[in-house]
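K.L.:
Predicted structure and sequence below. I'll ask about it afterward.
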Amino acid sequence: MRQTIPALSLAVLLIPASVSAATPAPQTTSRAVPTALKARITRIETGFAPIPVSGQEPLRLDVQKLMKMYNVPGLSVAVIDDYRIAWAKGYGVTAPGGDTPVDVRTLFQAGSLSKPVATAGTLYLVQTGKLSLDEDVDRKLTSWHVPASDYSHDQKVTLRRIMSHSAGFNVHGFDGYDVDAPRPTLLQVLDGVPPANSPSVKLEHVPGSEWHYSGGGVLVEQQLVLDVSHMSFPAFMQQTVFDKLGMQDSTYEQPLPAARAAHAARGTYFDGKPVHGGWHVYPEMAAAGLWSTPTDLAKYSIEIARAKQGKSTRVLSKQMATEMLTPQMPRVEENTWGDAEHPDQMGLGFFLGDATRPDRFGHVGDDEGFQALMIMFGDTGQGAVIMANSAQGIRVGEMLLNNIAEEYAWHYVPPLGKVSVNTALYAVAKFRGLPAALDMYQRLKQQPDPAKPVDRKTLINLGYNLSWGGDMPDAIRAMQQDAQENPDYWNAYDSLGEMYMMSGDKQKAIENYTRSVQLNPDNQGGKDALRDLQGQH
């Protein structure tokens, strides 16, 4: 049964111009929202171009439809304007199939947004002289040491390199642990010993030589903070950052204490099924263990921007905030938002904008069943934080972000925020049926629209969207159509083979993977799938 998204939550938090963003403000309902602001919020929630559907009324998207499309039970948003929280609002419910509405104080897992927040705490230790950005971290590590390696003969691991993902460490990210599973200590995770479910943290590149995103490196930073502060990481961050900024709904406590768990959202997979126990537990706190709200993370974003301007020193000095937002290492791959033409630069903890908006800083996050994004423009005091209890939350977040950017004249368009042809086709398939989506695809092929280009990957993308949404029969039909139209395209058969494998049709999976490998002998993924399907070891 497909999940039904309840009516949108009307919880809106307003922070008047006379109130600091760090000061808790009274929560009101939307009935108390000024008319002009209410109109702005409505435009953001509904401001998507209508999608033409042959022989039918155009399909009009809004935040509620987007949440239904992508199996997002709950969403929470905070918008920043002129260095203040202009408004914050909760949508949907805290758990799939539940009826508790999300409000502005509902906690979400922040995923990798944990990293730039942890960075501020560590930089405070640098600021107070207890650590140095450019010394060998092994000088202050006492409970664990960077494993000896040929990579570190001439160059050493430093905090600057860890925070800019150029220290040379492995381990991109972490899966966390089921609430009922044994949980490792931080040292067990660093050493990769049971019950840790990730490899040991070690060097795989020369420190300072190149950029490689590494959650493993951030755990070295976490251990360094523990060894120097002699405090638990949650207590250290509470004292150093959260208390100072009034971030009353943020914590690195893992597992989440019962009092806070009562106000936490429950995670959801792509197909709308709930994460067992509500969430995973992350002893990898600095890398992935933050629980927070968009309102709290908006306060943090504002503080960093104001600190760089020398207008606040509650956590970091102007000099230290400037270091944090200074490019340390360019990225040679696509940026935070997936724009290969305008790659991000890397600061300390934050991804930074390119030459078109060098004042941009932010991050995205992805824990089991949760996603989040944060973006801030330091020179104009504008930004937003969006959090969701869904593995597809960023899909909705990016589209809302586009509308927020337009409404508040950011002069910046998130590359993935538009209603792309993939989104439009999936929306039509979801709300008007697959035949209507396939008809739209054919019309776009026959009468090309530069704003909605189609190619031989378009139906494959539609198929994957449908499969992630739990509609496997339509996913297979979309990919069958692609294979019929592109009989010499190996990826059409590879993707169709995957769909059959996921649906349990072993014979058809083997047939399509075989055809894929015949067309592309270099398709190692197809070869591996065939080996597994045929039971060859």
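P.N.:
Received the coordinates, thanks.
K.L.:
Residue 253 - nearest residue in space that isn't next to it in sequence?
P.N.:
In space, not counting the residues next to it along the chain, residue 253 is nearest to residue 234; the distance is 4.6 Å by CB to CB, 6 or more residues apart in numbering. C-beta: built from backbone N, CA, C; applies to glycine.
K.L.:
Can you get me a residue count around the one you found?
P.N.:
A count of neighbours around residue 234, defined by other CB atoms under 10 Å, yields 18.
K.L.:
So it sits against residue 256, correct?
P.N.:
No - under the criterion of CB atoms under 8 Å, residue 234 is not in contact with residue 256, lying 10.4 Å apart.
K.L.:
got a list of what the closest residue in space to residue 131 that isn't next to it in sequence touches?
P.N.:
Of all residues not flanking residue 131 in the chain, residue 125 sits nearest, at 4.4 Å (CB to CB, 6+ apart). Residue 125 makes contacts with 131, 225, 228-229, as judged by CB atoms under 8 Å, 6 or more residues apart in numbering.
K.L.:
and of these, the nearest to residue 485?
P.N.:
Proximity of the contacts of residue 125 to residue 485 (CB to CB) peaks at residue 225, which lies at 55.5 Å.
K.L.:
can you tell me which helix or strand that closest one belongs to?
P.N.:
Per DSSP states H and E, residue 225 falls inside helix 215-229.
K.L.:
just checking, residue 155 touches residue 208?
P.N.:
Yes - in this structure, residue 155 is within contact of residue 208 by CB under 8 Å, at 5.1 Å.
K.L.:
what residues are shared contacts of the two?
P.N.:
Residues touching both residue 155 and residue 208 by CB under 8 Å, 6+ apart: none at all.
K.L.:
Domain boundaries for the chain, per the record?
P.N.:
According to automatic domain parsing, the chain is divided into the following domains: 111-407, 421-533.
K.L.:
before we move on, back to that, enumerate the positions of the helix holding residue 225 that are buried.
P.N.:
For helix 215-229, a neighbour-count test (16 or more other CB atoms under 10 Å) marks 215-226, 228-229 as buried.
K.L.:
so what does the following helix or strand past it touch, helix or strand wise?
P.N.:
Proceeding C-terminally, helix 215-229 gives way to helix 233-237 as the next helix or strand, assigned by DSSP H and E. Contact here means 3 or more CB pairs under 8 Å, 6 or more residues apart in numbering; DSSP states H and E; on that basis helix 233-237 packs against helix 114-127, helix 215-229, helix 285-288.
K.L.:
Could you export helix 233-237 as PDB, CA atoms only?
P.N.:
What follows is the C-alpha trace of helix 233-237 in PDB, where atoms were taken according to Å, rounded to 0.1, in the frame of the first residue of the first chain:
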ATOM      1  CA  PHE A 233      32.400  14.400  22.500                       C
ATOM      2  CA  PRO A 234      28.700  15.200  23.200                       C
ATOM      3  CA  ALA A 235      29.600  17.100  26.400                       C
ATOM      4  CA  PHE A 236      32.400  18.900  24.600                       C
ATOM      5  CA  MET A 237      30.200  20.100  21.800                       C
END
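K.L.:
For it, list every residue counted as buried.
P.N.:
By neighbour count, and taking 16+ other CB under 10 Å as the criterion, the buried residues in helix 233-237 are 233-234, 236-237.
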